[in-house]
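Engineer: A predicted structure for the sequence below; I have some questions about it.
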Amino acid sequence: MASKTHPLMSNFTAGEWSPRLYGRADLGKYFNACKRLENFVIQPQGGVSGRVGTHFVAEVKYSDKLTRVLPFRFSSTQNYILEVGEYYIRLYANNGRVEVVSVPVEIATPYTEDEIFELQISQSADTLILTHPSHAQRQLVRYSHTQWRLNAIDFDPPASREFGTRSGTGNCYLVPSATTGTNIQFDSGEAIFLSSDIGRDVVASPGRATIATVDSLFRVHANIIEDFASTDQISAGNWHIDGSPQTTCTPNVTGPVNGPITLTLSVTGWRLTPITDIGKYVKINDGIVQITAWSSSTVVTGVVKVALSGVGAAPADSWSLEESAWTADNGYPRAVEWFQGRLLFGGTSQQPRTWWESSAFDPYNFAIGSNDDDAMAWTVDTSELNVIQWLRNIGRLAIGTAGGEHSATGGNDSAITPTNTPVVTPVSQHGSGDVPPLTVTGNVLFTTASGKQLREMAYRYDLDRFFSPDLLLLAEHLTHADNSYWIIDMVYQAEPDGIVWCVRSDGTLLGCTYLRDQEVVGWQRHITDGAFESVAVIPDPDQMYDQLWCVVRRTINGSTKRYIEYFDATWDVYDGVSPGVHTDSCLTLASPTPVTAVSGLDHLEGKTVKVIGDGAIYPDATVSSGAITLSGVAASNIEVGLAFTPVLQTMAPEVKMNEGTSQGLQKSWSKLKVRFKDTMGATVNNEVIPWRSSSDPLDEPPPLYTGDKDVTPLGWDEDGSITITQTQPLPINVLMITGNLIVGE
């Protein structure tokens, strides 16, 4: 027996669902989900809109190499997109490239093609901080619209660590005469040993021995406390002398800061060769000194960086000889963030779990001290050496490591200071990937190491703890299909709809309408004739919304091209009713007089393109010699670009039956009604909807339609889902689907 129902589908905020959930009609969000949502954007109010197209700006410098876009927000009215490629940065503003006499403004960088997606950034005013684990931290400073400079940061002083004396290069090898035992002879090919090395350890991997006697500059005897692998020669660079010189150090003055100072040892301990102590830092008597010149193995001179508390002789182990924590040998931080008035760095190869905090409101001063405004260094206490991948300010400090996520707060929920040790609390053990996370309304959105999960580090006040649910749980197919997709870049566009944009490894652009306060988390996918590779967001020139920019890889005339494009929501051929372009990589022309040709299309050479003129669809054209000719009357407002197709496919309807579910039963829509807003040209289940009214003038495009459209009755099947597409480059907004559904055997 058949049953007639009248279901309503007016809320699509659950987005595209995984095929694994097609049988979960028992879930409340099933009724808000879609089987397919492509090139549609979920509106927070429940409906969906066909996405706007992208506007072509310029080809990147090297189309054969990966390129990334990053934001630079200088002020409320001056914002830039950075085109970051191999060894360079170019700039974009006000929908165009920044140029001087038609030459792009360009900044040299040290970053290779393989490194640009590992960059992390954090900005304060006119300065953008860039970090990469293989390069010294840099600052990009804007001096004017066309004057920029990228420099390695001159920390005064940098963070430092007591590593010991490196073994240098060349002949500075080490040969143990035995692998275990006491009073074992060790020889070096360089004059490296000094009297103050007695009590220090010679360290290799494996192997550790405490020096008992210094026989000469080339030989010591030591007691082995960790066995060495063999008596073979240990090459230079693969061993070192641990700790600081074991002798008394006496300063001659306490200051002033930046003033000269002399440090004198009781026995030989300062080195000039084969590894120099010049440039290193001495922490002594509550102060810091940077060594600038070597006078002898007992006397060096330097500059006071932090004033000393006295000139008394400091015995061994009460002072330390340290090197910068951030060097080619020690690695450079991969993570950067601003927090509580301090600049933070974290995660080097040698100190993977450590993060450093600058002096308060003195971001380049990392002199660690005991005053509340002094710099600090802390370590995430975990059993594994999982590198810090990111740091984020969410009111408290959020820390993502390769093994898990943590939150850090000062004791008693007050600020972290040198005397208020942070309480580091594990949040989850998912492990963070190296895609820079997003901070959205106090939550951190981060990818896992595989790039297949996007998790949300969010605080639950009712339970007084953090949770990290997977935002892709209901749409896992978007990254898990064939186990070959993962997220490579992402950004958050707050205005107008609150969307997290994720670039997938195959070039698909995933969008997640994310409004946590409204419990809206819905995914959609976006396809173009090519592949999206990077995304960034800045305010549009009129400060009306957030503008999404992208790098897109396209095949043009058989060659790979990479273009800088932005999603253009401003071009208007419908008098403000539904602004925005509706093709990709497009160019627009606003001519004071009607024209029949459009040039400047070299970037689409050989491509078949869509043409819209004064709101009307013209026949497709093929770009030749960078131009097309309109097949029809002249037009003033013209858009030319690549086609894309918005597709909405609903879930199989589930309706109440006297004897259970409607799933698996034959279904037919005897009457179907779709409610549109500001739409022209859509089809429903391949049925072309008539849009032109008999009252519409024939010499101009019909107006956009708002209201209900009836669809020809459809046939029978067990699914009953509805597919709505827009095959023309015109606006489409779907608000509701309803009708009479017959369900029966």
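Structural biologist: Now that the structure is in, tell me what you want to look at. Just so it is clear, the model here is predicted, and its values are computed rather than measured.
Engineer: For the most centrally placed residue in the chain, list the residues it contacts.
Structural biologist: Central residue check for the chain by Cα atoms, centre = their mean: the C-alpha nearest the mean position is that of residue 436, 3.0 Å away. When contacts are counted by Cβ atoms under 8 Å, 6 or more residues apart in numbering, residue 436 touches 120, 121, 390. C-beta here means a position set from N, CA and C on the backbone, and glycine is covered the same way.
Engineer: and these as TSV, adding pLDDT?
Structural biologist: As requested, the contacts of residue 436 are arranged in TSV below (pLDDT from 0 to 100):
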residue	pLDDT
120	98
121	98
390	97
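Engineer: The residue nearest to the centre of the chain: what secondary structure?
Structural biologist: The local conformation at residue 436, judged by DSSP: H, G, I helix; E, B strand; the rest coil, is coil.
Engineer: With the one 3 residues further on instead?
Structural biologist: When classified by three-state DSSP, residue 439 comes out as strand.
Engineer: Now it. Nearest residue, chain neighbours left out?
Structural biologist: Among residues not flanking residue 439 along the chain, residue 392 sits closest, at 5.3 Å (Cβ to Cβ, 6 or more residues apart in numbering).
Engineer: And for residue 149?
Structural biologist: In space, residue 149 comes closest to residue 141 once its chain neighbours are excluded; the distance is 5.2 Å by Cβ to Cβ, 6+ apart.
Engineer: What strand or helix carries the one you found?
Structural biologist: Using DSSP states H and E, residue 141 sits in strand 135-142.
Engineer: Pull up the pairing partners for that strand, direction included.
Structural biologist: Strand 135-142 has its sheet partners listed here by DSSP bridges as strand 127-132 (antiparallel), strand 148-152 (antiparallel).
Engineer: possible to save those strands as CSV with mean neighbour count, mean pLDDT and distance to residue 111?
Structural biologist: Shown next, in CSV, are the strands paired with strand 135-142 (neighbours: other Cβ atoms under 10 Å; pLDDT from 0 to 100; distance: least, Cβ to Cβ, whole Å):
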stretch, mean neighbour count, mean pLDDT, distance to residue 111
strand 127-132, 21, 97, 6
strand 148-152, 14, 97, 10
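Engineer: Output these in TSV; the columns should cover distance to residue 175.
Structural biologist: Formatted as TSV, these follow (distance: least, Cβ to Cβ, whole Å):
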stretch	distance to residue 175
strand 127-132	37
strand 148-152	38
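Engineer: So which of those is nearest residue 92?
Structural biologist: When these are compared by Cβ to Cβ, strand 148-152 sits nearest residue 92, at 12.6 Å.
Engineer: roughly how far out does the closest one sit from the chain middle?
Structural biologist: Distance of strand 148-152 from the chain centroid (Cα atoms, centre = their mean, to the nearest Å) equals 21 Å.
Engineer: Also stretch 631-640?
Structural biologist: On Cα atoms, centre = their mean, the centre of stretch 631-640 falls 40 Å from that of its chain.
Engineer: Distance of the nearest residue to residue 713 once chain neighbours are set aside relative to residue 722?
Structural biologist: Distances taken as Cβ to Cβ, 6+ apart put residue 670 closest to residue 713, at 5.4 Å, once the chain neighbours are dropped. Taken as Cβ to Cβ, to the nearest Å, the spacing of residue 670 relative to residue 722 amounts to 14 Å.
Engineer: Next: residue 290.
Structural biologist: In this structure, residue 290 and residue 722 are separated by 72 Å, where distance is defined by Cβ to Cβ.
Engineer: Pick out whichever of the two has more residues nearby.
Structural biologist: Between residue 290 and residue 722, counted using other Cβ atoms under 10 Å, the more crowded position is residue 722 (24 against 20).
Engineer: nearest residue to that one other than its sequence neighbours?
Structural biologist: In space, residue 722 comes closest to residue 650 once its chain neighbours are excluded; the distance is 4.8 Å by Cβ to Cβ, 6+ apart.
Engineer: how close does the one you found sit to residue 127?
Structural biologist: In this view, residue 650 and residue 127 are 49 Å apart by Cβ to Cβ.
Engineer: And the helices in this protein, which stretches?
Structural biologist: Listed in chain order, the helices of the chain (DSSP state H) span residues 477-480.
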